[in-house]
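Enquirer: need a structure here:
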Amino acid sequence: MEATRERLAGTIDQLVHRTSPKTIVRREITTIKGYFVDLETGQPRTTNILKVVGGVVGMVALFAVVRKVASD
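Expert: Sure thing, here's the model as predicted:
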C-alpha cells in the first residue's frame, strides 16, 4: 500500500511539472529554436530562416499592394 502511494505521488509530481506553464514555455522555446538552429551543432538552419524571411517579406508586400489598391 505504501509503495503504491509513493508511486502515485511521484506520478502526480511528474504531471504537475509537465503541465507547469514555465515547463511548457521552455519546451516550446526549445522546439522553435530547434527549427532555426541545429541543437547538436549550434549551426543556423539557413533554409528554414530563409523560408520564414521570405514569407514575412511576401506578406508585407501583399499588405502594401492591397493598401495601395484600396486607397486608389
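Enquirer: Determine how far the longest helix seen in the chain lies from the middle of the whole chain.
Expert: In the chain, assigned by DSSP state H, the helix with the most residues is helix 46-71. Centre-to-centre, helix 46-71 and its host chain are 21 Å apart (C-alpha atoms, centre = their mean, to the nearest Å).
Enquirer: go on, stretch 1-16?
Expert: On the basis of C-alpha atoms, centre = their mean, stretch 1-16 sits 30 Å off its chain's mean C-alpha point.
Enquirer: Give me the domain ranges for this structure.
Expert: 1-36, 45-72 (automatic domain parsing).
Enquirer: State the mean pLDDT of the last one.
Expert: Domain 45-72 shows a mean pLDDT of 95.
Enquirer: Only the buried residues of that domain, if you could.
Expert: Judged by neighbour count (16 or more other C-beta atoms under 10 Å), domain 45-72 contains no buried residues. Glycine gets a C-beta too; all of them are placed from N, C-alpha and C.
Enquirer: Against which helices or strands is the longest helix of the chain packed?
Expert: helix 21-36 (3 or more C-beta pairs under 8 Å, 6 or more residues apart in numbering; DSSP states H and E).
Enquirer: Near the nearest residue to Val37 once chain neighbours are set aside, how many other residues are there?
Expert: Leaving aside its sequence neighbours, Val37 sits nearest to Pro44 (C-beta to C-beta, 6 or more residues apart in numbering; 5.6 Å). Pro44 is flanked by 11 other residues according to other C-beta atoms under 10 Å.
Enquirer: Looks like Pro44 contacts Phe36 (just checking).
Expert: Yes - when contacts are counted by C-beta atoms under 8 Å, Pro44 is listed as touching Phe36 (6.5 Å).
Enquirer: and the gap between the residue nearest to Val37 and Leu50?
Expert: Distance, Pro44 to Leu50, by C-beta to C-beta, to the nearest Å: 10 Å.
Enquirer: and if you look at Asp72?
Expert: As judged by C-beta to C-beta, Asp72 and Leu50 stand 33 Å apart.
Enquirer: And Lys22, by the same measure?
Expert: With distances taken as C-beta to C-beta, Lys22 is found 32 Å from Leu50.
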